[in-house]
Structure formats: structure tokens, C-alpha cells
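> make a model of this:
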Amino acid sequence: MKDVWIWLQTGYSNLPSEVDMFVETESGVERMIAPEDEYTFSGHVTVGDIEPGDYVIPITMYAHWEGRDAIISTCPIKLIITGGPTIEKELLNGDSIVPRTPKDLETTFELLDKPILHYIDGEEEVYAIIDDGISYEYRKPLPKEEKKDN
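Down below sits the predicted model:
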């Protein structure tokens, strides 16, 4: 496989005028990605005086290689304005998978045949399986210590 050249096109038509947003390559400047490489696109958002709300920004990826091309519909950016300039975004899912039950983690262990890591993260116990860059993490709250009367 040869290098692939890509760029993104975004749609901001549903954003209020108080929101200014830019995603790398939306101006048509392409990025080359070599086989087996990854690339993270950057961007920025500026928010003025605006009411909290959720906004969805569609993204289309354009790619070309060896005389061929493709148009790829990607996951949209979900821009969440929660009051003030606090912003959360989710572009793609997949790097971390959260099993819902201990049985789900056990099934993952059986399927992947990878060791389970156990550690404490803040107030949670974490049981994790790492496979090919993906973390399968089951978390549960630490048991509360009972107070004893003296």
C-alpha cells in the first residue's frame, strides 16, 4: 500500500454566530499518511456569550492515493457547551472499551487471552486488558471504610 493524502471538510451551518471553530485541513491543505501510520487532526473553538447546548458538526474525509480517491463519512464532532467556555468533544470512539460487568471483562479475557492488569485510580479499582492499543477497562468504586467508635 502507498501513502494516502487526506483532508477534512466540516459543516458549521448549525453553529451560532458566537461560536468560531476551525479543524485542521478544512481549508483543503492535505496531510500525507504513510501505511501503518496514524494522524491526529487538531482544531480550536472560540465561544462567546452563549447559552449552554449541544451542537453536531458533520465531517467528511477526502482521500486519494495511486490515482484513486474516496469520500469517507466520519463520526461528527459533538460540541457540548455547558455554560461558560467549558467544552467537551468526542470525535471518534474506540481506543477505550468499558465492559459493563465483571462477566464482560471475563469474556474479554477469554477471547483475547491477555493478562488482566489491576490498579487503583483515585477512588476506583481498575481491571484492564490491553490488546493492540485498545484498553478494555472495568472500574468499580473502592469499598468505603467503616468508621468504628472508640
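
> can you give me the helices for the chain?
102-112 (DSSP state H).

> lowest-confidence helix or strand of it?
strand 87-90 (a mean of 48; mean pLDDT, DSSP states H and E).

> quick check: P141 vs L15, distance?
For P141, the distance to L15 equals 38 Å [CB to CB, to the nearest Å]. No exception for glycine: its C-beta is placed from N, CA and C like everyone else's.

> and what of P76?
P76 is 12 Å from L15, by CB to CB.

> next, show the common contact partners of the two.
Listed as contacting both P76 and L15 by CB atoms under 8 Å, 6 or more residues apart in numbering are I57.

> so for stretch 57-64, what gets flagged as buried?
Of the residues in stretch 57-64, I57, I59, Y62 count as buried by neighbour count, 16 or more other CB atoms under 10 Å.

> name the nearest residue to the first one, ignoring sequence neighbours.
Nearest residue to I57 in three dimensions, chain neighbours excluded: I77, at 4.3 Å (CB to CB, 6 or more residues apart in numbering).

> could you chop the protein up by domain?
Listed by automatic domain parsing, the domain ranges of the chain are 4-90, 96-141.

> alright, that wraps it up for me.
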